[in-house]
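S.K.: Give the three-dimensional model of this entry:
(2 chains)
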Amino acid sequence: MKSGEKLVLGIEGTAWNLSAAVVSMKGVIAEAESTYTPPSGGIHPREAAQHHSANIGEVLDRVFNTASSEGVLPEDLSAVAFSQGPGLGPCLRTVATSARALSLTLGIPLIGVNHCVAHIEVGRWNCGMRDPVVLYVSGANSQVIAYRRGRYRVFGETLDISIGNALDKFARYVGLQHPGGPKVEKLAEPAEEYVPLPYVVKGMDFSFSGLATAARDAFDAGAPLGNVCRSFQETAFSMLVEVGERALAHCGKSEMLLVGGVAANRRLNEMLSLMCEDRGARFDTPEDRFVRDNGAMIAITGLIMLENGITTPVEASAVNPNYRTDEVEVTWID
Amino acid sequence: MDRLNECDGPIYMNPSDGKYSTSRDILFVARGAEAVVEIFSDIAVKTRIPKRYRLKEIDTRMRKNRTFTEARIMSEARRIGIPTPIIKDLSDYVIVMNRVHGRLLKDCITTELCERVGALVGLLHKGGMIHGDLTTSNMILSEDGRIYMIDFGLSFFDTEIESRGVDVHVLFQTLKSTHDGYEDLTEAFKKGYRPILDCADDVLNREREIEKRGRYL
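M.R.: Take a look at the predicted model:
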């Protein structure tokens, strides 16, 4: 491999997705993944962890094989990054163990990466943004985030469950398979009626559990499923876009970045781009492969941290299932 | 804004477009994320603007609810002794209120004024209300020497310690970032706040916790 360019291996495994990637600042050199799909219902932490430990050897083999066909050998790597949290404890531990072993074997630094910060960094990297307001929406998280003075500050967040979780819960109740979000989106598209549902924005925070319950009730009361799906999306997304707009106005920023699994929803994209158009702000969301959980986002963040002199000694590499976005010291924006 | 009448007197509304006008020209316009405030010599007209991104059903419902809640909290606060602009007219999306003449607190803050702010915020919280955007730009020292609270656009009814703590925290953040002598100002605020609210110490302790979380901007 050409000299000078730093290469980092990143391993993601906070929940359903086990994925590894080798990246340079120029792009992804190799990537491999294995996803855990529950046979029914939602994700079971123990089963997801068992899936990860059964498959991580094979995933790493594949990523190293692809990398070597691109001329990158394990000894060319500068560091190993892994998802340190937040996430499901058993899954995190599986991935952390592999990362430590690789770091010691290859004699290269270990870098513990915050999964939420990784979503932001890969988005900034992929969309070429400098200092955006970030709407981070997934099965586990719903936050409006903006950088200020050394941290990504949470400007607003859910008071109860995440938007993805609310969509999944509702979908499961009405008999749709996991993951429910894409199915709700599909059913919503042709629907034209609006069923009033609770719109809860309190200060800068929002809440989705009451909305999920009200949507169930509306379905039980006989409202057509498509209409309920449409109303669910419209209400929940309006709440998110509203707080996103407030964050733009309050922080005086002019970029809006959408990340996390729910970012794949086209209606949410449309609403955010309308809002940004009206405010004269730039809106973007990364390519699909970087939007959902993926190894490249851990690797890119690890690379940015490495270039800023941040590594994680093994003694400090314990996983943190409740690792908050605003706990991470961010030294690379200003 | 179109002027419709040259007559003296406070306000006129054009029934065809619902817009307001006074005998004098508009002085300036303040634009927030969800509303536009047009300032005239004697009145301020706050209009919640429609959002293209949301369904019309949601948009009209939210703008109506918010306008109504804001007006309700303004008058409720006033009733329990907190100076707020007097509402002169209210329609679905528009609040017409009298303009408060004076200086923004951010331009004339002192520890003495900060203590009075503490007492006012204490009163507001005791009354079951949260301002939601307590900054020294949202308070006016009027010409008659009273401190007015303005912009209740993010206000809501709530008695949770957490909400009160966030309310106070937002104010402390502004004091910290825009004023010298931050410590003295917050101490003065606490001095004014404590005697008003029974659970004031719980709120102030929570504020410290919230600060440690490093969350709010």
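
S.K.: For residue 102, which non-adjacent residue is spatially closest?
M.R.: Picked chain A for this. Spatial nearest neighbour of residue A:102, excluding adjacent residues (C-beta to C-beta, 6 or more residues apart in numbering or on different chains): residue A:80 at 4.8 Å. The way it works is simple: take the backbone N, C-alpha and C, and place the C-beta from them, glycine included.

S.K.: I was thinking of chain B, sorry if that wasn't clear
M.R.: Residue nearest to residue B:102 in three dimensions, not counting chain neighbours: residue B:142, with 3.9 Å by C-beta to C-beta, 6+ apart.

S.K.: Tally up the residues packed near that neighbour, please.
M.R.: As a burial measure, residue B:142 scores 13 neighbours (other C-beta atoms under 10 Å in any protein chain shown).

S.K.: circling back to that earlier point, quick one: list the elements packing against the helix or strand harbouring the residue nearest to residue A:102.
M.R.: Using DSSP states H and E, residue A:80 falls within strand A:79-85. Here strand A:79-85 touches strand A:8-12, helix A:89-106, strand A:110-114, helix A:115-127, helix A:295-307, going by 3 or more C-beta pairs under 8 Å, 6 or more residues apart in numbering or on different chains; DSSP states H and E.

S.K.: Helices of the stretch 201-334 of chain A, start to end?
M.R.: A:209-220, A:225-251, A:266-279, A:288-291, A:295-307 (DSSP state H, counting those that start in this stretch).

S.K.: Now the last one: buried residues?
M.R.: Using 16 or more other C-beta atoms under 10 Å in any protein chain shown as the burial criterion, the residues of helix A:295-307 that qualify are A:295-306.

S.K.: want to try TSV for these, with distance to chain B and pLDDT as columns?
M.R.: Below are the buried residues of helix A:295-307 laid out as TSV (distance: C-beta to the nearest C-beta, whole Å; pLDDT from 0 to 100):
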residue	distance to chain B	pLDDT
A:295	29	96
A:296	28	97
A:297	23	97
A:298	24	98
A:299	27	98
A:300	25	98
A:301	20	98
A:302	23	98
A:303	26	97
A:304	21	97
A:305	19	97
A:306	25	97
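
S.K.: Can you lay out those as CSV showing distance to residue B:34?
M.R.: Output for the buried residues of helix A:295-307, formatted as CSV (distance: C-beta to C-beta, whole Å):
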residue, distance to residue B:34
A:295, 40
A:296, 37
A:297, 33
A:298, 37
A:299, 40
A:300, 35
A:301, 34
A:302, 39
A:303, 39
A:304, 35
A:305, 37
A:306, 42
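
S.K.: show me what contacts the closest residue to residue A:314 other than its chain neighbours?
M.R.: Excluding its sequence neighbours, the residue lying closest to residue A:314 (C-beta to C-beta, 6+ apart) is residue A:100, at 5.9 Å. Residues near residue A:100 by C-beta atoms under 8 Å, 6 or more residues apart in numbering or on different chains: A:110, A:314, A:317.

S.K.: Show the buried residues in the residues you listed.
M.R.: A:110, A:317.

S.K.: now, among the contacts of residue A:100, which is nearest to chain B?
M.R.: Nearest to chain B, judged by C-beta to the nearest C-beta, of these is residue A:317 at 23.0 Å.

S.K.: Backbone dihedrals for the closest one, both of them.
M.R.: As for residue A:317, its main-chain torsions (degrees, to the nearest 10) stand at phi -100, psi 10.

S.K.: Let me know the secondary structure of the nearest residue to residue B:29 once chain neighbours are set aside.
M.R.: Once flanking residues are discounted, residue B:29 sits nearest to residue B:38: 5.3 Å by C-beta to C-beta, 6+ apart. Here residue B:38 is recorded as strand under DSSP: H, G, I helix; E, B strand; the rest coil.

S.K.: Excluding residues flanking it in the chain, which one is nearest residue B:35?
M.R.: Spatial nearest neighbour of residue B:35, chain neighbours left out: residue B:48 (4.8 Å); criterion: C-beta to C-beta, 6+ apart.

S.K.: residue contacts, that neighbour?
M.R.: B:34-35, B:63, B:66-67, B:93-94.

S.K.: what residues does chain A put near chain B?
M.R.: When proximity is defined by C-beta under 8 Å from any C-beta of the partner chain, chain A lies next to chain B at A:146, A:148, A:151, A:153-155, A:194, A:196, A:199, A:202-204, A:234-235, A:238, A:241-242, A:245-246, A:248-251, A:270-272, A:274-275, A:278, A:326.

S.K.: follow-up on the earlier one: filter the contacts of residue B:48 down to just the ones in helices.
M.R.: B:63, B:66-67 (DSSP state H).

S.K.: Hmm, residue A:165 is touching residue A:139, no?
M.R.: Yes. Residue A:165 lies in contact with residue A:139 (C-beta atoms under 8 Å); the separation is 5.7 Å.

S.K.: For the closest residue to residue A:190 other than its chain neighbours, grab the count of nearby residues.
M.R.: For residue A:190, ignoring the flanking residues on the chain, the nearest one in space by C-beta to C-beta, 6+ apart is residue A:226 at 6.3 Å. Residues lying near residue A:226 (other C-beta under 10 Å) number 17.

S.K.: re the thing from before, for the helices and strands packed on strand A:79-85, which one ends up most surrounded?
M.R.: Greatest average neighbour count among these goes to strand A:8-12 (a mean of 30), per mean count of other C-beta atoms under 10 Å in any protein chain shown.

S.K.: So which residues make contact with stretch B:203-216?
M.R.: Around stretch B:203-216, the neighbours that count as contacts under C-beta under 8 Å, 6+ apart are A:151, A:153-155, A:204, A:326, B:125, B:161-162, B:164-166, B:168-170, B:172-173, B:190, B:193-194, B:197.

S.K.: List the ones among those that fall in strands.
M.R.: Cross-referencing these against strands under DSSP state E gives A:151, A:153-155.

S.K.: and these, which two are the farthest apart?
M.R.: A:151 and A:155 (11.6 Å; C-beta to C-beta).

S.K.: With neighbour numbers in mind, choose between these two.
M.R.: Remark: of residue A:151 and residue A:155, residue A:155 carries more neighbours, 25 against 20, as counted by other C-beta under 10 Å.

S.K.: quick one: that one and residue A:243 touch, right?
M.R.: Yes. If you go by C-beta under 8 Å, residue A:155 and residue A:243 touch, sitting 7.2 Å apart.

S.K.: any common contacting residues for these two?
M.R.: Counting by C-beta under 8 Å, 6+ apart, the residues touching both residue A:155 and residue A:243 are A:144, A:204.

S.K.: Residue ranges of each domain in chain B, please.
M.R.: Domain ranges of chain B: B:2-98, B:102-215, per automatic domain parsing.

S.K.: Please read the previous query as pertaining to chain A.
M.R.: Per the record, chain A has its domains at A:8-119+A:291-327, A:131-286, by automatic domain parsing.

S.K.: would you turn those into TSV with distance to residue B:114?
M.R.: Output for the domains of chain A, formatted as TSV (distance: least, C-beta to C-beta, whole Å):
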stretch	distance to residue B:114
domain A:8-119+A:291-327	28
domain A:131-286	23
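
S.K.: By mean pLDDT, which helix or strand of chain B comes out lowest?
M.R.: Least confident helix or strand, chain B: strand B:12-13 with a mean of 60, by mean pLDDT, DSSP states H and E.

S.K.: okay, the contacts of residue A:100 in CSV with distance to residue B:204 and pLDDT next?
M.R.: Listed next are these as CSV, based on distance: C-beta to C-beta, whole Å; pLDDT from 0 to 100:
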residue, distance to residue B:204, pLDDT
A:110, 42, 98
A:314, 41, 95
A:317, 38, 96
